Each structure stands twice: as structure tokens, then as C-alpha cells.
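Colleague: Got a predicted structure plus its sequence, pasted below:
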Protein chains: 2
Amino acid sequence: DALSQGQFDIVYNFLSLVIASQLFTALFLLISLPRILPRYRNAITVAIIVCGIAAYHYFRIFDSFKEAFVTDALGGAGTYTQAAGASFNEGYRYVDWLLTVPLLLVELVAVLALARKVQAQLLFKLVPAAALMIILGYPGEISGDTGTRGLFGLLSTLPFLYILYVLFVQLTKSLDLQPAGVRQTLSNLRWLLLLSWGVYPIAYLLPMLNIEGANAWVGLQIGYSVADILAKAVYALIIFKVARIKSFADD
Amino acid sequence: DALSQGQFDIVYNFLSLVIASQLFTALFLLISLPRILPRYRNAITVAIIVCGIAAYHYFRIFDSFKEAFVTDALGGAGTYTQAAGASFNEGYRYVDWLLTVPLLLVELVAVLALARKVQAQLLFKLVPAAALMIILGYPGEISGDTGTRGLFGLLSTLPFLYILYVLFVQLTKSLDLQPAGVRQTLSNLRWLLLLSWGVYPIAYLLPMLNIEGANAWVGLQIGYSVADILAKAVYALIIFKVARIKSFADD
Ligand SMILES: CC1=C(/C=C/C(C)=C/C=C/C(C)=C/C=O)C(C)(C)CCC1
Ligand SMILES: CC1=C(/C=C/C(C)=C/C=C/C(C)=C/C=O)C(C)(C)CCC1
């Protein structure tokens, strides 16, 4: 498909926005780490790693995008067509998610500082489900066939719903044990998670709706980009806030 | 539009000046962070992040500029014309501002170390207004049409005036509570903010005046560059001075 100058620019700028957001959230957390009690540093360290992994992948995605779409027009003011011999690699996103989605759940469980056993039990459920969700989504994403996309999307939704079940039903008991000052923030965090994670399946559906080709693709890139900022950088900053409040409370 | 050798060189050197200013202000603050009381470290950390984000974007702007204007002349002593297939991406500035303008306000409020509630109230007004100002400016900036540029410039001016109102009317009460030694510095800081932020709408107007095309564009690039040094690097150093004085006073 061909992209107009406006479509090219908006994807380009959103990809760069994600790089800056992830990179500097990671840096902010790194600089702020000493102000957190040692007990909560693991959660923040995982958050730094998640944002770092995302920044790495977005550098790659950005370059892949620049190579894949080219124009001959003067001043770049023209239509961008697919380059010969270079394709935009959607796979980076799935490699990124395969690593970061389980880590985002580790981050959440770590900042709660639950009993070691409860923590292990939760992660034993959440981490494999997260990996399965991403692995099942991939064949659908790269397939040009709507049926295959639908089928794998559906399969991937099963572990997705299971994760939400664990977070919203099973985790609720543990939240009541958290200090009063952070309960509201933790509840906001869970809603942010639901809201931002919900964007991925919706963006995934876009190419299956009857939207004109390039628009659906541009929408999908913007959707994934915004969701990645919410689900990693904004999420990390809220985890940081929780860790700060708990550091004061425990002190 | 074509740039003369002199026009090309001046933009080129200003862009590099901004990179050096932002990068090394960030480094200076990072090295100096331990000499500040923990209470004020958040303000300085945010200042480091702001200068870092700006450095990232100026590296990109610099590369974008070098790709977008080319010449065949020997020794580069000729006219620079727009390259085929590459455009100068003005969007980087807006992505940068979208992240940094709210953070500059966070920085200011953080160094005041106000009561938690007053702080939250101020940011609740300032941050959304800042984001809105930048988002409304963007469609005008990328549009080639003077009417559109004027309309969005006007819309963007409304949140701009609101921010100035909050800073110069509502914040004045809080300043009286600050230690005597920093009151003068804080008042200077506010004037620097007004002076440097005021450059942006003026630079934005340049392409609408009847200046010969390339001159207006060169003026806009220099204006934004100088303003970015004042509004981020110089501003950060004044914030640092306030934090140092308050660190002594509290000690
Ligand atoms: C349900 C579902 C999906 C869910 C993806 C999710 C929930 C991804 C979350 C990613 C995050 C949180 C990334 C990092 O920040 C896929 C794979 C799109 C395929 C379609 C069905
Ligand atoms: C009022 C107005 C504008 C204001 C921009 C400002 C005030 C930008 C500040 C940027 C800073 C402080 C950057 C980082 O240092 C625009 C968007 C040009 C559009 C025209 C109207």
C-alpha cells in the first residue's frame, strides 16, 4: 500500500514519540531509584528494563519504517510507496511483547510486596498466560488472510481473558491488605492496565474491518504506539508513585 | 525553498549549539544531583529528563535538516535545495514540546515544595493546558495555508494565556511563602519563562508576515533554537540555583 505524506509523517512522529517516552522514562526511574526503599527496587528495576526493551525495539521499528516506505518527490512532499527489497517488520512488536508483557505483570506483583508464596502462585499463572497470548497472536498478525487473523485472534483472547480474571478477581483480596494511601493508586493502575491492554486487540481488529487499506494500517500503528506508552511508560510512573508512597509509609 | 550557503550554515550551527547546550546541562545536573537535598531532587531529575529529551530531538532535527537540504556545489559553497524523498520534519519540535512543556511546569512546581494538595491542584490546571496548547499549534504549523496557520495559532493562544494567568496570578500567593533568599530568583525565573515562551508564538508568526520565504523559515529555526536553550537549559540552571539555596536554608 501507498502512504500519503500526511500518513507517513504521523506514523513517523508517533514512532519517535514512543522512543522518547520509553527512553526517558527509563532514565528518570534509573536516576530516582536510590530514593526508593530497597524492598521496592526490584519492581522499579523491572520497569526500567521494560522501558529499555521497548526503546530498543522502537529504534528498530523506526528504522524499519523509514527503509520500507520511500518517495521520489522533492522535499518528501509526495506519495510514499513500498521500497524494493525492504519490508516493514511487524515482528519487532511481538518480540517486544513476548519479553515485556510477562515483565509488566512481574512489575505489578513485585510492587505489592506480597508474601513470597502468594507472589509465586500469581506469577505461575500470569507469566505463562501472557507468553501464550502473544505467541498465539503472532501467526494471525503476519497472515494476510482475514480468516487466519480472526482464528488466532480468538485463540489469543482466551489467555487474555484469563489474565484479566486473575487480576480482577483473584488479586482483589491482596489489594485489601495494601496500605490505605496506595489503594486508590493501585486501583487506578489496574484500570490503566485494562484500558491500555484493551487497545491491542482493537488495533489488531482494524485490518479486518472494511476500512481503506492504508488508513487501517496507520490506525493500527498509532493504536499500538499510544497503547505502548500507556502500558509501559505511564504504567511505570504509577508503579513508581506506589513505591514512593510505600517507601514513606514503611519508613 | 532554496537556502543560500550562509542560511544553511547558520541553521546548521544553531542546531548543533542546542544539542551541546541541552546535553551538557543534563550532564551537569546529573553530576550535581547528590549535592541537593532529597526533597528537591525530583525537580532536578525532571530538569535532567527535559534537557535529555530535547537533546534527543535535536539530534533527530539535525539529521533531518542535513538530509532535507542538499547541494552539488564543490566545497558546499552553493545553493542548498530540497532533496528528493526527504523532508525536514518540523514534527519533532511538537513531539518534543508535547513532552517537555508539561514537564517544565512540573519542574517549577516541584522546586517550590508546596503542600501536596496545592501542588496537585496547580498541576491539574497547568499540565492539560500545556498539552492542549501544543496539540492545537501543530495543525497550523504543518499547514501551508496562512488562514489555517492563523486559526490554530489563535486557538493555541487561549491555553497559553491561561497558563500565564495561573503562573502570574494564582501562583503569586505561594511565592510569598518561599524563603526570602530565593524569592528574587524565583521572580527572575518567572520572567525568563515569560520571555522565552513568548518567542515561540512570535517565531510561529514569521512565515505569515511578508518576509521572503527562506528568510522567514531561517528566522523561525533560529528563534525556536534560542528559545529552547532559554526555556530548558538556562531555566534548569536557575531551578538548580533555587534548589541549592533552599538546600542550605533547610539544612
Ligand atoms: C487479545 C489479543 C491480543 C492481545 C495483545 C495484548 C493484550 C498485548 C499487550 C501488550 C502490551 C501490554 C505491551 C507492552 O506494553 C493480540 C496479541 C493483539 C492478538 C489479538 C487478541
Ligand atoms: C501560543 C502559541 C504557541 C506556543 C508555544 C509555546 C509557548 C511553546 C513553548 C515551548 C517550550 C517552552 C518548549 C521547551 O522548552 C504555538 C504552539 C507556537 C502555536 C502558536 C500559538
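Modeller: Noted; the coordinates are in hand. Ligands and ions are numbered 1, 2, ... in the order given.
Colleague: C-alpha only now, for contacts and for neighbours.
Modeller: Noted.
Colleague: Need the per-residue pLDDT for residue A:52.
Modeller: Model confidence at residue A:52, given as pLDDT, is 98.
Colleague: what's the spacing between it and ligand 2?
Modeller: Distance, residue A:52 to ligand 2, using C-alpha to the nearest ligand atom, to the nearest Å: 24 Å.
Colleague: Can you give me the buried ones in the stretch of helix or strand that residue belongs to?
Modeller: Taking DSSP states H and E as the definition, one finds residue A:52 inside helix A:38-68. Burial within helix A:38-68, assessed by neighbour count using 16 or more other C-alpha atoms under 10 Å in any protein chain shown, is assigned to A:40-44, A:46-62, A:64-68.
Colleague: Next: stretch A:128-146.
Modeller: In stretch A:128-146, counting by 16+ other C-alpha under 10 Å, buried: A:129, A:130, A:131, A:132, A:133, A:134, A:135, A:136, A:137, A:138, A:140, A:141.
Colleague: by contact count, what packs against the helix or strand residue A:189 falls within?
Modeller: Counting by DSSP H and E, the element that carries residue A:189 is helix A:180-205. If you count contacts as 3 or more C-alpha pairs under 8 Å, 6 or more residues apart in numbering or on different chains; DSSP states H and E, helix A:180-205 packs onto helix A:146-165, helix A:213-228, helix A:235-250.
Colleague: so does stretch A:197-214 get close to ligand 1?
Modeller: Yes - between stretch A:197-214 and ligand 1, judged by C-alpha under 6 Å from any ligand atom, the touching residues are A:197, A:200, A:201, A:204.
Colleague: can you tell if the helix or strand where residue A:133 lies touches ligand 1?
Modeller: If you go by DSSP H and E, residue A:133 is part of helix A:116-142. Yes - under the criterion of C-alpha under 6 Å from any ligand atom, ligand 1 is reached by helix A:116-142 at A:133, A:134, A:137.
Colleague: tell me the contacts of the second one?
Modeller: Applying C-alpha atoms under 8 Å, 6 or more residues apart in numbering or on different chains to residue A:134 gives the contacts A:94, A:97, A:98, A:156.
Colleague: re the thing from before, return the closest of the residues of stretch A:197-214 next to ligand 1 with respect to residue A:72.
Modeller: Taking C-alpha to C-alpha as the measure, residue A:72 lies nearest residue A:204 of the residues of stretch A:197-214 next to ligand 1, at 31.2 Å.
Colleague: Chain neighbours aside, what residue packs nearest to that closest one?
Modeller: Residue nearest to residue A:204 in three dimensions, not counting chain neighbours: residue A:220, with 6.8 Å by C-alpha to C-alpha, 6 or more residues apart in numbering or on different chains.
Colleague: The one you found: neighbour count?
Modeller: A count of nearby residues for residue A:220, using other C-alpha atoms under 10 Å in any protein chain shown, gives 20.
Colleague: mean confidence for stretch A:204-218?
Modeller: Rounded mean pLDDT across stretch A:204-218 is 81.
Colleague: which residues sit against it?
Modeller: A:1, A:2, A:3, A:7, A:11, A:141, A:146, A:149, A:153, A:219, A:220.
Colleague: Then stretch A:173-183?
Modeller: Taking C-alpha under 8 Å, 6+ apart as the rule, stretch A:173-183 contacts A:112, A:114, A:186, A:242, A:245, A:246, A:249.
Colleague: Kindly report the same for stretch A:19-35.
Modeller: A:41, A:44-45, A:47-49, A:51-52, A:54-55, A:58-59, A:229, A:232-233, A:236-237, A:240, A:244, B:38, B:42, B:45-46, B:49, B:52-53, B:56, B:99.
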